[in-house]
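*Asks:* could you look at this predicted model? Sequence included:
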Amino acid sequence: MNGEHEQFISEDVELKRIRMKRLKELMEQKEKKQERNMEPHHVTDSNFNEIVNKNNLALIDCWAPWCGPCQALGPTIEELCAQYAGKVLIGKLNVDENPEITEQFQIFTIPTMLVMKDGKEVERIVGLCPKNHIETVLKKHLR
């Protein structure tokens, strides 16, 4: 029985090692995607001003995890990240976790996308809308 017990312990240790290695790989992949602007930036109350002031043009998706339309908009936001990499910073701000910015910008309906140019709100898109509408708005402000 002692040999079987040792075998289970060593298998458990090996599984733990494999999980940790895979988690590390996934975290590195996520960091690389963010570096290439292929994934939306995580925007919070504490980094909002830095992000919008540091980037000429930013699109901030104000959302919540329980919101169906917000979830439906998610893939579009990710596509826009890849498409506008290097031109527009795309970020996501969870309204439940960031009450200061939510209140400051009076976000009462989600999803709401704030279009920020040189640190100031220049346009707002409220509700679930098609990708081409968001692109039209972004292109207008890229000029």
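*Replies:* Now that the structure is in, tell me what you want to look at. Numbers count the residues shown, from 1 in each chain.
*Asks:* going by C-alpha atoms from here, please, whenever you check contacts or count neighbours.
*Replies:* Fine.
*Asks:* which residues in this protein form strands?
*Replies:* 41-43, 57-63, 89-94, 112-117, 120-126 (DSSP state E).
*Asks:* pick the most deeply packed of those strands.
*Replies:* Ranked by mean neighbour count under mean count of other Cα atoms under 10 Å, the strands of the chain are led by strand 57-63, which reaches a mean of 25.
*Asks:* re the thing from before, how about the strands of the chain, which one is nearest residue 19?
*Replies:* Closest to residue 19 of the strands of the chain is strand 41-43 (Cα to Cα; 25.0 Å).
*Asks:* output the contacting helices and strands for that closest one.
*Replies:* strand 89-94 (3 or more Cα pairs under 8 Å, 6 or more residues apart in numbering; DSSP states H and E).
*Asks:* and the strand it packs on with strand 112-117, angle?
*Replies:* 140 degrees (axes from the mean of the first three to the mean of the last three Cα atoms, to 10 degrees).
*Asks:* make TSV from the strands of the chain and add mean pLDDT and distance to residue 69 to it.
*Replies:* As requested, the strands of the chain are arranged in TSV below (pLDDT from 0 to 100; distance: least, Cα to Cα, whole Å):
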stretch	mean pLDDT	distance to residue 69
strand 41-43	96	19
strand 57-63	97	9
strand 89-94	97	14
strand 112-117	98	10
strand 120-126	97	11
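*Asks:* how does this structure divide into domains?
*Replies:* Following automatic domain parsing, the chain resolves into domains at 1-35, 37-142.
*Asks:* about what we covered before: next, format the strands of the chain as JSON lines and append distance to residue 82.
*Replies:* As requested, those are exported to JSON lines (distance: least, Cα to Cα, whole Å):
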{"stretch": "strand 41-43", "distance to residue 82": "12"}
{"stretch": "strand 57-63", "distance to residue 82": "13"}
{"stretch": "strand 89-94", "distance to residue 82": "9"}
{"stretch": "strand 112-117", "distance to residue 82": "17"}
{"stretch": "strand 120-126", "distance to residue 82": "20"}
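*Asks:* geometric centre of this structure: which residue is closest?
*Replies:* residue 40 (3.5 Å; Cα atoms, centre = their mean).
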